[in-house]
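*Asks:* Coordinates only, no sequence provided:
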Ligand code: BGC
């Protein structure tokens, strides 16, 4: 069997060139090293080292150098002193193996709040603080690049990986991603922003062709990446698995070079998502510098491509130079002596304190924060088996997950022991005897343990003995499968509904309250039941300290200040993209079906909703929603003063407003700045988010003036006809919102002249996608 392995390559190179003078790689001699490299060495550097293609001896040697459980590495070339560098997932913390053979030491990482929770904070400074801590774990565990953040847009709520992603809005996505990148990279390690681009579903994710018109592509699916690249200079970008308007993103020069590098100024490396696609030659030419996880066949394809002229020497050298530039930045290259002892305690404390900023209070009939409650009846398996994050490569190996029962205990509230015992024994039975772990495997989406059936008489008895009831409803999802618009996923099961109704009836009859906690990774149906309980707290899947944070919020130790980064519609089919999303698909299909021709939403997906995603659609069409984008309650109230909006000499718009805490407890407010454009230019949504700011913790009566600066480029829409970003002249209305449906103040400014920014006419679909008309 012909197999050139990583170490043989490195050893061979070392011997054959041992006698000649070798330049050792330094930051200032990259050209010299490049000149001295053979074609084989260059090809080697462009391909990752795949562990599964090694013998067990090689694996052992490899494991000694790399970090067990890391997703991949780049290859070392010892004669130039090029070390292997280590790449590991993300995004909710660092994902490596928690244990290693031959040692009792553990290598757990902090389970941070998932991407959606970070976006719900609307607080880039806090996100940066959290990811600065995350980056310290990356560095101290000997990893060079964190494969994160995931920043695909929430095109449809059923995408199985939405929890890893931020929002339905590209600005919130981009600014959260930029903060994330800055935090991690402040440690001298890198990130890989992913999955570039239009990777909006899991069904057939390796082959699916996202067909999307250029305006929606530029304004929505690329915008978040553009912001992160321009603002935060990520070391690497991960090209996605899917096709985009025909070619694979990994092999698309227009995407990876014309747009990413020439237009946005990206100067790091692009690596593929984890698969070996046949078009390696095209990938190299497109500007994809690193093939991950790497296969010998890819090295061979690159060598053959250079030999037969399909890859030019310049193209090869361009990518290799970028790899060398990447290598010299890494801690591995700099010989950093990592400790394997990150500050896990400190990070747990930080996560515990920060998490309430990402929790969203959806309903509160005055019951929260809890008063005079000493005993709680805690229902729902999620109360005891709390879900910290989703499944798949985004699942961090954390030492523990704090559940809500622990959270109440920490707050001095007693949890009914009988109920706790029923749930715990049920969970143990399901997990050990029925072998349902409630989490799913790495690439299986998720399996949720069915709710425990509790009979009414029992609830009645318990209602006499306890002060109130809490019901946790949980859902999980993850890489490899999309969610389903069915009971038990999108909507409640009959059993959940019945438990909810019985708890509400019984506790209300006893003059007591019921609070629902949603421990879910993505949007679910809420409209049909949300008024039944006395309060609903959306906890998301907020990381390892989640149960403590939830109880802190319920007990009033923390005031929740999260707001929704997406819309909660009334019904699933209210969402325009529901017409073009794999609907309740059972199993991923892996290739074009040549017998029947390509299958809609499996082999290709038409983004027929165009720009009408999320609130852009619901607000413009006037369609009722369950909870609007940007919505979230607080334990206090805020007054908005008269705003001031000015256009500066540099053309930048500054929008300022003073916010005052008018309630009785301290809290933070997020002011969202939406702009409605004048008629005359392109058809536009009723308004779009153009900036936001969050106050610091304001004591009752305290005020803060928030200022948001809007660059005119941010106001522009993409004109497909002229292939340019354009703003129309005229009067723009600036709306200061507590949510996208709750504008508290307005002001306006005028742009005297239209403005345009030219862009390349690239990434066009072979035929325009037929889009729905909303306006
Ligand atoms: C996922 C990426 C991940 C990579 C490495 C892929 O299957 O799509 O998000 O970074 O695996 O684990």
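*Replies:* Cool, the structure landed. Since the model is a prediction, treat every value here as computed from it, not as a measurement.
*Asks:* close to the ligand, is stretch 58-66?
*Replies:* No. Judged by Cβ under 6 Å from any ligand atom, stretch 58-66 makes no contact with the ligand; its nearest approach is 13.8 Å. In short, each C-beta sits where N, CA and C put it, glycine included.
*Asks:* List the buried residues for that stretch?
*Replies:* 58, 62, 63, 66 (16 or more other Cβ atoms under 10 Å).
*Asks:* quick one: average pLDDT of that stretch?
*Replies:* The predicted model assigns stretch 58-66 a mean pLDDT of 78.
*Asks:* before we move on, what about stretch 663-670?
*Replies:* pLDDT averaged over stretch 663-670 gives 98.
*Asks:* Tell me the gap between it and the middle of its chain.
*Replies:* 28 Å (Cα atoms, centre = their mean, to the nearest Å).
*Asks:* try stretch 538-547
*Replies:* In terms of Cα atoms, centre = their mean, the centre of stretch 538-547 is found 15 Å from the chain centre.
*Asks:* Stretch 132-152 too?
*Replies:* Going by Cα atoms, centre = their mean, where stretch 132-152 is centred and where its chain is centred differ by 14 Å.
*Asks:* Over to stretch 753-760?
*Replies:* So, by Cα atoms, centre = their mean, the centroid of stretch 753-760 is 31 Å from its chain's centroid.
*Asks:* what's in contact with it?
*Replies:* Contacts of stretch 753-760 with the rest of the structure, by Cβ atoms under 8 Å, 6 or more residues apart in numbering, involve 218, 254, 258-259, 262-263, 651, 681, 712-713, 716, 718-719, 722-729.
*Asks:* Any quick ChimeraX command for the buried ones out of the residues you listed?
*Replies:* Of the contacts of stretch 753-760, the buried ones go into a single ChimeraX selection, burial set by 16+ other Cβ under 10 Å:
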select :218,254,258,259,263,681,712,716,718,719,723,724,725,726,727,728
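*Asks:* Could you list which of the contacts of stretch 753-760 belong to strands?
*Replies:* For the contacts of stretch 753-760, the ones inside strands are 718, 719, 724, 725, 726, 727, with DSSP state E as the criterion.
*Asks:* and which of those is nearest the ligand?
*Replies:* Of all these, residue 718 has the smallest distance to the ligand: 27.4 Å, by Cβ to the nearest ligand atom.
*Asks:* Apart from its chain neighbours, what residue comes closest to that closest one?
*Replies:* residue 218 (4.1 Å; Cβ to Cβ, 6 or more residues apart in numbering).
*Asks:* Low-confidence ranges, the chain, go.
*Replies:* Counting by pLDDT under 70, the chain contains low-confidence residues at 1-21, 437-448, 587-596.
*Asks:* Could you tell me which residues of it lie near the ligand?
*Replies:* So far as Cβ under 6 Å from any ligand atom goes, the chain lies against the ligand at 71, 89, 147, 194, 273, 274, 393.
*Asks:* Can you list the buried residues in the one helix or strand residue 508 maps to?
*Replies:* Using DSSP states H and E, residue 508 sits in helix 494-509. For helix 494-509, the neighbour count (16+ other Cβ under 10 Å) marks 496, 499, 500, 502, 503, 504, 505, 506, 507 as buried.
*Asks:* thinking residue 75 is in contact with residue 42, fair?
*Replies:* No. In this structure, residue 75 is not within contact of residue 42 by Cβ atoms under 8 Å, at 11.2 Å.
*Asks:* Partner strands of the one helix or strand residue 639 maps to and their direction?
*Replies:* In this assignment (DSSP H and E), residue 639 forms part of strand 638-640. Paired with strand 638-640 in the same sheet, following DSSP bridges, are strand 653-661 (antiparallel).
*Asks:* what sits up against the partner strand?
*Replies:* By Cβ under 8 Å, 6+ apart, strand 653-661 touches 636-648, 667, 669, 671, 673, 691, 695, 698-710, 712, 715, 732, 734, 736, 745, 747, 749.
*Asks:* so what secondary structure elements neighbour the following helix or strand past that strand?
*Replies:* The helix or strand immediately downstream of strand 653-661 is strand 670-676, counting by DSSP H and E. Contacts defined by 3 or more Cβ pairs under 8 Å, 6 or more residues apart in numbering; DSSP states H and E place strand 670-676 against strand 653-661, strand 688-694, strand 703-710, strand 730-739.
*Asks:* tilt between strand 670-676 and strand 688-694?
*Replies:* 160 degrees (axes from the mean of the first three to the mean of the last three Cα atoms, to 10 degrees).
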